[in-house]
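Participant: Need a 3D model of the sequence below.
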Amino acid sequence: MSENSPAPYVHDPGDHAYAPLSEAAAEDLVHGICFKTGPPRTLGAELEWLVLDAERPWLPLPPERLTAAHAAAGALPLSSRVTVEPGGQLELSSAPAASLTACLDGLRADLAAVRGALRERGLVLHGLGEDPRRPLRRLLASPRYDAMEAYFDRTGPAGRAMMRSSASVQVCVDAGHEEPGPLGHGRRWRLAHLLGAVLVAAFANSPGRDGPYEGWRCARQGIWSDIDPRRALAPPLDAEPRAGWVRHALDTEVMCVRGPDGEPWAVPRGLTFRDWLRTDGGGPGGPARRPTAADLEYHLTTLFPPVRPRGHLELRMIDAQPGEDGWIVPVAVVHALFDDPDAAETAYRAVKALADAYGTRSAPRNPLWRTAARSALADPDLRAAAVACFAAAAEALPRLGAQPYVREAVGAFAERYVRRGRCPADDVDDALVAGRTRAAVGTAAAAAGRP
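Facilitator: Coordinates of the predicted model:
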């Protein structure tokens with residue numbers, strides 16, 4: 001969730017963005033902004049991190065300590081944008097970069113600065129897809145997050161868990177060429193949704209410990225799929241990308257409607273954006289006015305599919321990764337498989353074999369994506385596709401000018417996890433067991449009066 005501080009709704013009759021919008025104009029607007037085609041030239045990444053106490057990482061942090069840490073990070077002279085998620089997760093969003101090296105170098109420098117500022121406060125950044133600490137409270141209080149939480153509470157606890165505990169690595173690539181081919185936008189759209197399941201499995205790092213996702217390797221994916229009946233779904237894969245996204249966007253419920261600064265936002269019930277376009281927005285909690293282009297643009301920021309078209313393609317399915325530089329691997333692999341023509345073709349052939357398991361249901365609720373979240377690379381079909389894709393990425397990275405440390409990181413990840421049918425969640429479980437053992441030993445020693 002990278003849209004943390006949207007502007008309040010301020011009605012200005014002289015601004016065309018706040019003029020009433022027709023249904024045809026809304027369709028044209030979404031159609032025009034979702035896929036901006038052209039040669040793939042830029043790359044970006046958004047890194048979400050948990051903020052933990054360096055000495056006692058299992059304890060939730062007091063709000064004032066988190067807020068001070070966020071302020072310290074935000075005051076640094078960084079090239080990346082620093083934002084805060086509702087549960088206190090810290091996000092760094094890179095500027096669009098012209099190369100993999102530029103993207104990684106910028107983020108690494110900014111992360112070093114942020115880590116230094118947090119270290120002075122006894123805090124660390126931690127890469128994990130779901131925060132295991134309990135209880136988790138919402139740190140940010142604003143009309144946006146009040147409305148969002150009220151909306152999600154109608155369908156269960158997943159929305160609160162998503163807001164407060166999830167963290168990811170999001171990779172942004174250009175939409176691609178208008179014409180067909182390995183780098184065409186239609187092929188890249190389809191590749192993103194089939195490869196997306198492989199990325200969920202390979203980088204799963206949020207093991208479910210209890211509740212509905214117990215035993216899952218990527219519980220974060222389960223949480224996202226359950227936040228809402230439609231909001232986190234992909235459009236049908238067999239639909240033309242632009243037309244499918246337009247229908248999906250307009251036929252999804254309005255989460256909230258911005259109000260004047262300082263006032264609560266409306267939370268309509270059962271009102272799709274298309275309904276709003278065709279009516280005055282009346283009904284329980286509905287706005288008593290017609291929607292505007294500004295309303296539509298905001299509505300698009302409240303849609304959370306695994307692949308979100310925002311002019312570019314935003315891949316949102318990858319868990320936050322362990323270690324200081326673990327995030328480098330998914331960024332490099334995605335870049336290679338999308339922006340190197342040979343690797344893109346190899347990856348597409350590898351994931352086409354998964355299309356039957358994808359079926360007719362939308363990601364992430366179809367059998368392929370559910371298997372990826374539950375079993376990760378223990379599933380033999382996903383493992384075979386991942387092995388082929390990582391091999392293609394490894395061959396492409398030298399052609400893309402990747403530095404030796406990047407190639408080594410991708411190779412080490414493939415050897416440690418992909419070829420063995422493992423994922424980072426397996427290490428999290430191992431560490432959790434070890435931590436529980438140490439805690440039990442310490443408790444027993446204290447009870448016996450031993451140091």
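Participant: So Ala219 sits against Ser206, correct?
Facilitator: Yes. Ala219 sits in contact with Ser206 when judged by CB atoms under 8 Å, with a separation of 4.7 Å. C-beta here means a position set from N, CA and C on the backbone, and glycine is covered the same way.
Participant: For the closest residue to Cys103 other than its chain neighbours, give me the backbone phi and psi.
Facilitator: Closest residue to Cys103 apart from its sequence neighbours, by CB to CB, 6 or more residues apart in numbering: Ala97 at 3.6 Å. Main-chain dihedrals, Ala97, degrees, to the nearest 10: phi -110, psi 150.
Participant: Check the gap between Ala97 and Arg41 for me.
Facilitator: 10 Å (CB to CB, to the nearest Å).
Participant: List the contacts of the residue nearest to Cys103.
Facilitator: Thr42, Leu43, Gly44, Cys103, Gly106 (CB atoms under 8 Å, 6 or more residues apart in numbering).
Participant: shared neighbours, Ala219 and Ser206?
Facilitator: In contact with both Ala219 and Ser206: Gly129, Glu130, using CB under 8 Å, 6+ apart.
Participant: could you pull out the strands for the stretch 101-250 of the chain?
Facilitator: 123-126, 168-173 (DSSP state E, counting those that start in this stretch).
Participant: how about stretch 105-125: buried residues?
Facilitator: By neighbour count on 16 or more other CB atoms under 10 Å, the buried set for stretch 105-125 is Gly106, Leu107, Asp110, Leu111, Val114, Arg115, Ala117, Leu118, Leu123, Val124, Leu125.
Participant: Which residues does that stretch contact?
Facilitator: Under CB under 8 Å, 6+ apart, the answer for stretch 105-125 is 45, 47, 49-55, 57, 61, 65, 68-69, 72-73, 76, 78-80, 82, 90, 92, 94-95, 97, 324-325, 327.
Participant: My guess is Ala175 contacts Leu191. True?
Facilitator: No. Between Ala175 and Leu191 there is no contact under CB under 8 Å: 12.0 Å.
Participant: that older thread, now, among the buried residues of stretch 105-125, which is nearest to Arg407?
Facilitator: Of all the buried residues of stretch 105-125, Leu107 has the smallest distance to Arg407: 17.5 Å, by CB to CB.
Participant: OK, contacts around the most centrally placed residue in the chain?
Facilitator: Nearest to the mean C-alpha position of the chain, by CA atoms, centre = their mean, lies Arg316 at 3.2 Å. For Arg316, the contact set (CB under 8 Å, 6+ apart) comprises Ser168, Gln170, Phe304, Pro305, Pro306, Val307, Arg308.
Participant: where does the residue lying closest to Ile33 once chain neighbours are set aside land on pLDDT?
Facilitator: Nearest residue to Ile33, sequence neighbours excluded (CB to CB, 6+ apart): Gly311, at 6.0 Å. We have a pLDDT of 96 for Gly311.
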